[in-house]
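**Student:** Here is the input, now give the coordinates:
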Amino acid sequence: MEHFTYYAPTEVVFGVGTEEQCPAYVKQYGGSRVFVVYGGGSVKRSGLLERVTKALRQAGLAVESFGGAKPNPTVAHVREGIQAAVSFGADFVLAIGGGSSIDTAKAIAHGTANPEQDIWSIWTREVPLERSLPVGVILTISAAGSEMSDSAVLTNEEIHRKRGINTRFNRAKFAILNPELTYTLPKEQIACGTTDIMMHTLDRYFNPVENELTDALAEALLRTVIQFGTKALEDPADYQAQSELMWAGSLSHNGLTGLGGKPDFAVHQLGHELSARFDVAHGASLAAVWGAWAEYVCPTKVSRFARYARNVWGVTESEDAKAADEGIRKTVDYFASLGMPTGLGGCIGVQNDEIVRDMAYRCAYEGTRTIGTFRVLNQQDIYEIYRKANH
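**Tutor:** Now for the predicted structure:
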């Protein structure tokens, strides 16, 4: 096990009706002027937005709402939010929704605390982030895990770039998790969310370092998500299924399932290019490339994939190579059973070779970087994976 620093300070409030406690937690963390960030109309149609904002006002807090967070949060929308939050005099940002709303809220919090800087300059690390506003979360979608993570992503639509930033300032002060708030989700979002939860752990699990306890935790989480992702799709109002997914989503991206290792996240980088260029949903972009990535890198350490196959999927094949192949196949088949794409054709259509090469070029930051740790991938490797996925 390698050196690590584990820091997961977010206060989690889990259970039915916990959103009613939101005003007390906002006050606990110093909020008085609350800028509420949300996405589409679902939180309005369900009445959640009205209930929360009413409760905040009744608690003596000033409230301003800002909707329209996009599935792939954009710099342009965040800039609008920063301007509105600064004008309002916000001292606390509350996200209601899933990863998109949360990442939008984090970016607005950073920008509001640093109004003299452009948010994209902060995102590209040209300007160091040294302060932010506190952020709270009411989670409605089990997926991204942003409610407990130190990361957030933004897409710059003008240059078709999707970038992530990791910083302690991305840690939410509190996260309210009521599984009942996920009951009305479309099945496509449940499927994308299940995929995203799995991938946050898979991208940590497949790394050059083996750590028995961390690996066992990751394997248990994956088995849980596989079991209850299917059940949640069958019955979105299954409380146990939704509660297991919701907690798994938080644990999958708070660092726990990768402690002591060197997280890979190549699949995320491959998927980000799809989202930036074609606006593909995050979970779908990951499922589309995972099988091609796994087949390409598996020879690097077949025993790792064999362990995954046996401990997560119950594969009994004694020969490592055959077990590894079966584990990859079962994973791809599971994504397909969720309705997720398992190749580029399922989300952006089969592309000509020129576009595939350009995607690899851009994913490699114009040939200036490599991605991954399980196997370090250069631009040519990235191209080969995209080409393999291009069906």
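**Student:** Show me which parts of the helix or strand hosting Ala220 are buried, residue by residue.
**Tutor:** Take DSSP states H and E as the rule and Ala220 turns out to sit in helix 212-234. For helix 212-234, burial by neighbour count (16 or more other CB atoms under 10 Å) applies to 214-215, 217-222, 224-226, 228-230, 232-233. To be clear about C-beta, it is placed using only N, CA and C from the backbone, and glycine gets the same treatment.
**Student:** With stretch 379-387 instead?
**Tutor:** Gln379, Asp381, Ile382, Tyr383, Ile385, Tyr386, Arg387.
**Student:** part of a helix, is the last one?
**Tutor:** The one in question is Arg387. Yes: under DSSP: H, G, I helix; E, B strand; the rest coil, Arg387 falls within a helix.
**Student:** hang on, it packs against Val356?
**Tutor:** Yes: assessed by CB atoms under 8 Å, Arg387 is found in contact with Val356 at 5.6 Å.
**Student:** ok, Ala321 - contacts?
**Tutor:** By CB atoms under 8 Å, 6 or more residues apart in numbering, Ala321 lies in contact with Val302, Ala306.
**Student:** Same check on Thr184?
**Tutor:** Ser42, Ser46, Pro236.
**Student:** Go ahead and build a PyMOL selection from the buried members of those.
**Tutor:** Here is the PyMOL command that selects the buried residues among the contacts of Thr184 (16+ other CB under 10 Å):
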select buried, resi 42+236
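**Student:** For Leu259, grab the count of nearby residues.
**Tutor:** By other CB atoms under 10 Å, 18 other residues sit near Leu259.
**Student:** Assess the claim that it and Asn207 are in contact.
**Tutor:** No: Leu259 lies out of contact with Asn207 (CB under 8 Å); the separation is 11.0 Å.
**Student:** Could you list the low-pLDDT ranges of the protein?
**Tutor:** Within the chain, no range satisfies pLDDT under 70.
**Student:** Enumerate every residue touching the residue nearest in space to the middle of it.
**Tutor:** Central residue of the chain (CA atoms, centre = their mean): Ala144, 2.8 Å from the mean position. Applying CB under 8 Å, 6+ apart, we find Ala144 in contact with Gly98, Gly99, Ser100, Ile102, Asp103, Gly193, Asp196, Gly249, His253, His282.
**Student:** did I read that right, it in a helix?
**Tutor:** No: under three-state DSSP, Ala144 sits outside any helix and is assigned coil.
**Student:** Please report how far it lies from Thr342.
**Tutor:** In this view, Ala144 and Thr342 are 21 Å apart by CB to CB, to the nearest Å.
**Student:** and which of the contacts of Ala144 is nearest to Gly30?
**Tutor:** Ile102 (19.1 Å; CB to CB).
**Student:** Please identify the helix or strand for the closest one.
**Tutor:** helix 99-113.
**Student:** for Ile176, phi and psi?
**Tutor:** phi -90, psi 120 (degrees, to the nearest 10).
**Student:** Ser149 too?
**Tutor:** Dihedral angles (degrees, to the nearest 10) for Ser149: phi -90, psi 170.
**Student:** residues contacting it?
**Tutor:** Ser149 neighbours (CB under 8 Å, 6+ apart): Asn170, Arg171, His253, Asn254, Gly255.
**Student:** what's the answer for Ala323, then?
**Tutor:** Contacts of Ala323 (CB under 8 Å, 6+ apart): Phe305, Ala306, Ala309, Arg310, Val315, Glu317.
**Student:** Helix or strand: which one has it?
**Tutor:** Judged by DSSP H and E, Ala323 forms part of helix 320-337.
**Student:** who does the next helix-or-strand element following that helix touch, helix- and strand-wise?
**Tutor:** Once helix 320-337 ends, the next helix or strand along the chain (criterion: DSSP H and E) is helix 353-363. Judged by 3 or more CB pairs under 8 Å, 6 or more residues apart in numbering; DSSP states H and E, helix 353-363 is in contact with helix 266-278, helix 379-389.
**Student:** Check which residues of helix 353-363 are buried.
**Tutor:** Val356, Arg357, Asp358, Met359, Ala360, Arg362, Cys363.
**Student:** these two touch, right, the fourth one and Phe278?
**Tutor:** No: Met359 sits out of contact with Phe278 when judged by CB under 8 Å, with a separation of 9.5 Å.
**Student:** Which members of the contacts of Ala323 are classed as buried?
**Tutor:** Phe305, Ala306, Ala309, Arg310, Val315.
**Student:** any idea what sits nearest Met198, other than its immediate chain neighbours?
**Tutor:** The spatial neighbour of Met198 that comes closest, neighbours along the chain excluded (CB to CB, 6 or more residues apart in numbering), is Val225 at 5.4 Å.
**Student:** Could you measure from that neighbour over to Phe265?
**Tutor:** In terms of CB to CB, Val225 sits 18 Å off from Phe265.
**Student:** before we move on, what about Thr370?
**Tutor:** Counting by CB to CB - Thr370 and Phe265 are separated by 12 Å.
**Student:** try Ala95
**Tutor:** In terms of CB to CB, Ala95 sits 23 Å off from Phe265.
**Student:** Tell me which of those two has more neighbours.
**Tutor:** Between Ala95 and Phe265, counted using other CB under 10 Å, the more crowded position is Ala95 (31 against 24).
**Student:** still on that earlier bit, of the contacts of Ser149, just say which sits nearest to Gly17.
**Tutor:** Asn254 (23.6 Å).
**Student:** Sketch out the helices for the stretch 151-300 of the chain, chain order is fine.
**Tutor:** In the stretch 151-300 of the chain, the helices defined using DSSP state H, counting those that start in this stretch lie at 187-205, 212-234, 239-252, 266-278, 282-297.
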